[in-house]
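Visitor: A predicted structure for the sequence below; I have some questions about it.
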Amino acid sequence: MRYFILIFESTHHVLKAEKVFTGMGIKFDSMPVPKEISSDCGIAIRIDPALFDEHLITSILKKSDINFQLHEKIYK
């Protein structure tokens with residue numbers, strides 16, 4: 001299954017993104033940052049791209065002044 005993994009600069013940005021997504025009814029999961037993406041410990045957000053496209057997610061976060069990196073990951 002393919003997912004978008006969002007990585008943030010700080011815990012503050014993660015919490016802000018969670019609040020924005022929840023307010024807009026966007027379903028997501030919070031998870032540890034996958035080791036393949038970053039060795040730093042931290043929290044990431046996982047979103048199913050079948051539900052929300054990359055352009056929508058990117059524009060929502062940019063309008064909310066949330067800095068992030070978007071990665072795609074496939075889980076078997």
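Guide: Cool, got the structure. Values in this document were obtained by computation on a predicted structure and should not be read as measured data.

Visitor: Show me what counts as buried in stretch 44-60.
Guide: Ala44, Ile45, Ile47, Phe52, Ile57, Ile60 (16 or more other C-beta atoms under 10 Å). For glycine as for every other residue, the C-beta is placed from the backbone atoms N, C-alpha and C.

Visitor: Residues contacting that stretch, please?
Guide: 1-8, 14, 17-18, 20-21, 24, 26-34, 37, 70, 72-73 (C-beta atoms under 8 Å, 6 or more residues apart in numbering).

Visitor: ok, of the residues you listed, which come out buried?
Guide: Counted by 16+ other C-beta under 10 Å, the contacts of stretch 44-60 give Tyr3, Phe4, Ile5, Leu6, Ile7, Phe8, Val14, Ala17, Phe21, Ile26, Phe28, Val33 as buried.

Visitor: Same list (the residues you listed) but as a markdown table, adding pLDDT, secondary structure and distance to Ile66.
Guide: Putting the buried ones among the contacts of stretch 44-60 into a markdown table (pLDDT from 0 to 100; DSSP: H, G, I helix; E, B strand; the rest coil; distance: C-beta to C-beta, whole Å) gives the following:
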| residue | pLDDT | secondary structure | distance to Ile66 |
| --- | --- | --- | --- |
| Tyr3 | 90 | strand | 19 |
| Phe4 | 91 | strand | 14 |
| Ile5 | 93 | strand | 15 |
| Leu6 | 94 | strand | 9 |
| Ile7 | 93 | strand | 11 |
| Phe8 | 94 | strand | 7 |
| Val14 | 94 | helix | 9 |
| Ala17 | 96 | helix | 5 |
| Phe21 | 96 | helix | 10 |
| Ile26 | 93 | coil | 13 |
| Phe28 | 96 | coil | 13 |
| Val33 | 91 | coil | 16 |
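
Visitor: Now that we have those residues, can you turn them into JSON lines and tack on distance to Ser64?
Guide: Converted to JSON lines, these look like this (distance: C-beta to C-beta, whole Å):
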{"residue": "Tyr3", "distance to Ser64": "21"}
{"residue": "Phe4", "distance to Ser64": "16"}
{"residue": "Ile5", "distance to Ser64": "18"}
{"residue": "Leu6", "distance to Ser64": "12"}
{"residue": "Ile7", "distance to Ser64": "16"}
{"residue": "Phe8", "distance to Ser64": "12"}
{"residue": "Val14", "distance to Ser64": "12"}
{"residue": "Ala17", "distance to Ser64": "7"}
{"residue": "Phe21", "distance to Ser64": "10"}
{"residue": "Ile26", "distance to Ser64": "12"}
{"residue": "Phe28", "distance to Ser64": "14"}
{"residue": "Val33", "distance to Ser64": "20"}
